[in-house]
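[1] below are the sequence and a predicted model for it; my questions follow.
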Amino acid sequence: MIDKRIGTPAEAVADIPDGATVMIGGFGEAGSPIELIHALIDRGARDLTVVNNNTGSGEVGLAALIKERRVARMICSYPRTANSTVFPELYRNDEIELELVPQGTLAERIRAGGAGIPAFYTPTSVGTPLSEGKEHRRFDGREYVLEHGLTADFSLIKAKVSDRHGNLIFNKTARNFAPVMAMAGRTTVVQADAVVDAGDLDPECIVTPGIFVQRVVEVTEPLQESELVAQGVSYP
């Protein structure tokens, strides 16, 4: 079995190039891999397409990546939340693109991409501007819109525990998009609070099997987005 442990977040993201599509886990703060995102900022990659539930908070994590003008396009469900100040201003100034996707559709597009399903029909967004320009079909008297599966060059996610082979357990709702993003990323990079030996995890508790994970880095005391925002921290 392959030992997938990587020494540092910087090493884990060192080959993410300009123009890459990157999925980043997290539902707001829950499950956000802040250390990997900050390492990506330090890496210097630009013109990224980022897939996430939202656009980050304050000026740390994903919001910091956007603030540094590294993201050319966001694919997300909630581009503006309580503490999102960076993205709205850039968007109003036409400095970043947005593809708005309903949350359930976003999750299914990622799941479909990871499962090798190129597209699917959904009634969500029918009759709204989000359905304009997309293929429509009727099934059993109901109208549906065609949506395409999403994949990424890299997926950056956070886990509670990983073993050295990349088998993952998550912390409650911090799980959110991480399992499907792990499937949809060609290279999946995980930051875990703890990395244990093979055999230490109960197989019945493993959520994401290591076959979907390429790199694991241990971050024993991960940063908390809400604490950083409250302190007014701005990265870098």
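    That came through, no problem. The shown structure was predicted, so the numbers you read here are calculated from the model rather than taken from an experiment.
[2] dihedrals phi and psi, residue 60?
    Phi and psi for residue 60, reported as degrees, to the nearest 10, are phi -130, psi 170.
[3] for it, the count of nearby residues, please.
    27 (other CB atoms under 10 Å). (Glycine included, C-beta is placed from N, CA and C.)
[4] where does the nearest residue to it once chain neighbours are set aside fall, helix, sheet strand or coil?
    Of all residues beyond its chain neighbours, the one nearest residue 60 is residue 228 (4.4 Å), with distances taken as CB to CB, 6 or more residues apart in numbering. Under DSSP: H, G, I helix; E, B strand; the rest coil, residue 228 falls in the helix class.
[5] kindly provide the distance from the residue lying farthest from the centre of the chain to residue 123.
    Ranking residues of the chain by C-alpha distance from their mean position (CA atoms, centre = their mean) puts residue 141 at the top, at 35.6 Å. Going from residue 141 to residue 123 by CB to CB, to the nearest Å gives 11 Å.
[6] tell me the secondary structure at residue 144.
    Applying three-state DSSP: residue 144 is strand.
[7] what sits closest to it if chain neighbours are left out?
    residue 121 (3.8 Å).
[8] neighbours around the one you found, how many?
    15.
[9] pretty sure it sits in a helix.
    No: membership of residue 121 in a helix is not supported by three-state DSSP, which gives strand.
[10] roughly how far does it sit from residue 148?
    11 Å.
[11] cool, residue 45 as well?
    Per CB to CB, residue 45 is found 24 Å from residue 148.
[12] cool, residue 124 as well?
    The gap separating residue 124 from residue 148 is 14 Å, by CB to CB.
[13] more neighbours: which of the two?
    residue 124 (16 against 13).
[14] just checking, what packs against the lengthiest helix in the chain?
    Secondary structure of the chain per DSSP state H: the longest helix is helix 103-115. The contact analysis (3 or more CB pairs under 8 Å, 6 or more residues apart in numbering; DSSP states H and E) places helix 103-115 against strand 119-122, strand 142-148, helix 178-184.
[15] ok, which stretches of this protein are helices?
    Along the chain, counting by DSSP H, helices occupy 9-12, 34-43, 61-67, 86-92, 103-115, 178-184, 225-230.
[16] what are the contacting residues of the first one?
    In this structure, residues lying in contact with helix 9-12 by CB atoms under 8 Å, 6 or more residues apart in numbering are 6, 35-36, 38-39, 42-43, 189, 191, 215, 217, 219.
[17] mind redoing it with 7 Å?
    6, 35-36, 39, 42, 189, 191, 215, 217, 219 (CB atoms under 7 Å, 6 or more residues apart in numbering).
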